[in-house]
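Trainee: Here is my input, please return the structure:
(2 chains)
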Amino acid sequence: MIFRLFLLELRSIRSDGRLLALVAVALSILLLSVWIGAESQRVVTEGRTAAMETSRQQWESIDRLSAHGVGHYGSYVYKPNSPLSTLDSGVMPFTGKVVRVEAHVQNPPSHSDAASWSSLVRLGAFDAGTILAHLLPLILAFTAFSSVARDRETGLLRVLVAQGVPLRSVLWGKSLAYWFLSLLLVGALIIAHIALGQASGEPLTTDIKTRLMLFGASHSLHLLIVVLLSVWISARVSDSRSALMILMIAWLVTTVVLPRVTAELSSQIFPLRSQITFEDDMKEDRAKGLDGHNPRDERRDEVRQQVLEEYGVEEVRQLPVNIGGILMQKDEEYGNQVWDEHFGRRHDTVRKQIGVVQAISFLDPFLAARGLSMAFAGTDQFHDAQFQRQSENYRRDLIKALNDLDAKAGKREANGRWRREKIDYSEIADFQFEPQTVDFALKHRWPEIAALLTWLIASLALLHWGTRRIPIVGTGR
Amino acid sequence: MIETREVRKSYGTTQALDALTLTVNPGEVLGLLGPNGAGKTTTIHLLAGFLQPDSGSVIIDGIDVVKNPDGARGRLGYIPENVALYPFLSAMENLQHFSALAGLKFRRDELAKKLVTSGLASDAIHRPVSTFSKGMRQKVGIAIATSKEAKALVLDEPASGLDPHASHELSMLVRKVADEGAAVLMATHDLFRAKESCDRVVILQDGKLVQELDPRSLTANDLEKIYLKQMESNA
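Mentor: Below you'll find the predicted structure:
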């Protein structure tokens, strides 16, 4: 019975040119967004590859003797785009893509799309994730608002019910029809993404396949919730105009008002220091010592004494190593502790802010869908923090390697002076970003998954048990 | 059998039905007469389980409509004043789908026969109902309701929009359904059709049953006079 009603509703939608046009527009916008995303990804990848090659060439042509000087000269690391960022760019347009790695300083990522005055600043992100989470629920509300109300107004609902069709079957048939349309759109989007990826030679790994599947599943689940609630409201409210008004208000609250209120609330409850304050605090701690009682000069003297004792000599001039390199590395390690402390605190604050959003996603399924969309696309804040973490780890390894070379690559001359050897810096490996697997996304995003499932269960329960008060006839006698 | 016992129904402060008690026996056609707003459609909607009474009970073939609406509807055929159909389907497809939704399966020739028996011209059977007049849609609705071969049939102004010939055919069809053992309740303004097809007629006014008549013992003119007199006396 439900399948027959589902087919009838599909035919009804097909016969209504306006609804069909709306679906066609949604499909066109989605496919266009994938194409634009892929094209933009291609341009960005080309630019990044060229910049990486130039940086590497510059690095390999360094002709300096002092390894520590090379540490100051530094290098650049570039954030690779997640292969699924064409579907959902997440926070990536607003976070930096390039980090200058150098001695003593942990630079923040720079050169974000938003900072480069791209069209993003004027128009916001245009990607499939945004369209699926923002626009498609609106289109579904527009198409489904009259699904039951219209049948009640024309009298078709009475004929159906009089034939012995349970109301919940009517609601199920209609819901499945609208969800089927959503699945077609999501499916077309994923196929288009795979096709464009294959055409550009992008490998389709198991992780990407899993991420794609979960990306599609999370949006499909969100859209099912939207459809179930839209159809139920269409049935529960006595006329289609009221149903449309309620659905429009619900859309506005869940996709526009509540997300902004949530963002503001989370930053009020867990305020984040500005980048300038963050850097100033780090500089201060590095200079004064972590606990404020450990000035740098005292630490240097302690290290110098330890090294002299280790090598059993009385003067620096007698050491078989360059103490400058050792001191620099010790200072670097102290700086690393400072960074770990500050970055850790900052990361904790961001996690707490995301926690607020995740808690409120139990009230707003849009927030859950948005969070999962970014996470499965590999473009959320958790994934972005991994780039910062890995680029910092690379910086530490690089500077340690340079400081070790500064300390050891050379020999002590008879007059006590340290003579440096020529170093081949091309032997130092370039930055290699290790992308996170989908497990990483699942580990951090289980609250959103729980929120979506809760909403789904509630919507299904409403459709199944919430039909008793649904009017079959209008208010007239 | 169709029964209502002491049924009350109000819309806000307006009392639509006031302790309405009716019985339609198997094989009987009961005509429900009354002016606009008398409570005829409310009665039909209560019998079909579209509305719930404030008090009293509504029973179709021994099943309480409030307690078991799906079970009661399985034994009920319903023809509204304006039959709504799937406009993109033909008459045959509409009948096929609605029958299937009621759990009935018919061959195509059986479906065609049912439509023709309901008065639809055979050349209209395969046309989309979006091209149909109100009367033609009404005939498809009659085919849908009668194809259930239900124990009870309720009709809400079924002849509305039908031409005299089709109205006469409807009267004959209703009579045939009753003769096959169904209890039929027909709300109508058409006194002539009521006389033609009903075994009994009751007059409803302001939600109350005010008079019961045997139309076979009266001429159509007598029936009209009694009806109008009743309306004037209660005005």
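Trainee: Next, count neighbours for residue 137.
Mentor: Just so you know, I chose chain A. Neighbour count for A:Pro137, taken as other Cβ atoms under 10 Å in any protein chain shown: 26. For the C-beta atoms, the positions are set from N, CA and C on the backbone; glycine is no exception.
Trainee: oops, I was thinking of chain B
Mentor: B:Arg137: 21 surrounding residues under other Cβ under 10 Å.
Trainee: how far away is the nearest residue to it once chain neighbours are set aside from A:Thr154?
Mentor: Sequence neighbours aside, B:Val83 is the residue nearest to B:Arg137 in space, at 4.8 Å (criterion: Cβ to Cβ, 6 or more residues apart in numbering or on different chains). According to Cβ to Cβ, to the nearest Å, B:Val83 stands 10 Å off from A:Thr154.
Trainee: Among these two, which residue is more densely surrounded?
Mentor: Neighbours per residue (other Cβ under 10 Å) separate B:Val83 from A:Thr154, with B:Val83 holding more: 29 against 14.
Trainee: For the more buried one, report the pLDDT, please.
Mentor: In this model, B:Val83 is scored at 87, pLDDT.
Trainee: B:Phe106 too?
Mentor: So, for B:Phe106, pLDDT stands at 90.
Trainee: For my notes, confirm it occurs in a strand.
Mentor: No: per DSSP: H, G, I helix; E, B strand; the rest coil, B:Phe106 lies outside any strand segment and is coil.
Trainee: ok, now which ones touch the residue nearest to B:Arg137?
Mentor: By Cβ atoms under 8 Å, 6 or more residues apart in numbering or on different chains, the residues touching B:Val83 are A:Gly155, A:Val159, B:Arg137, B:Gln138, B:Val140, B:Gly141, B:Ile142, B:Ile144.
Trainee: Below-threshold pLDDT in the chain: ranges please.
Mentor: Using chain A. A:65, A:113-125, A:289-297, A:475-477 (pLDDT under 70).
Trainee: Hmm, no, I was thinking of chain B.
Mentor: B:233-235.
Trainee: Would you mind listing what in it touches chain A?
Mentor: Counting by Cβ under 8 Å from any Cβ of the partner chain, chain B comes close to chain A at B:11, B:16, B:37, B:39, B:41-42, B:45, B:48-51, B:70, B:73-74, B:76-78, B:80, B:82-89, B:97-98, B:100-103, B:141, B:144-145, B:148.
Trainee: List buried residues within those residues.
Mentor: Among these, those classed as buried by 16 or more other Cβ atoms under 10 Å in any protein chain shown are B:16, B:39, B:41-42, B:45, B:48-51, B:73-74, B:76-78, B:80, B:83-89, B:97-98, B:101-102, B:141, B:144-145, B:148.
Trainee: So for the chain, which residue is the most central one in space?
Mentor: You didn't say which chain, so I picked chain A. For chain A, A:Asp380 is the residue whose C-alpha lies nearest the centre (Cα atoms, centre = their mean; 1.5 Å).
Trainee: um, chain B though
Mentor: In chain B, the residue lying closest to the centroid (Cα atoms, centre = their mean) is B:Leu155, at 0.8 Å.
Trainee: Which other helices and strands does the host helix or strand of A:Met374 contact?
Mentor: Taking DSSP states H and E as the definition, A:Met374 sits inside helix A:365-377. The contact analysis (3 or more Cβ pairs under 8 Å, 6 or more residues apart in numbering or on different chains; DSSP states H and E) places helix A:365-377 against helix A:128-130, helix A:206-236, helix A:258-269, helix A:323-360, helix A:438-444, helix A:446-465.
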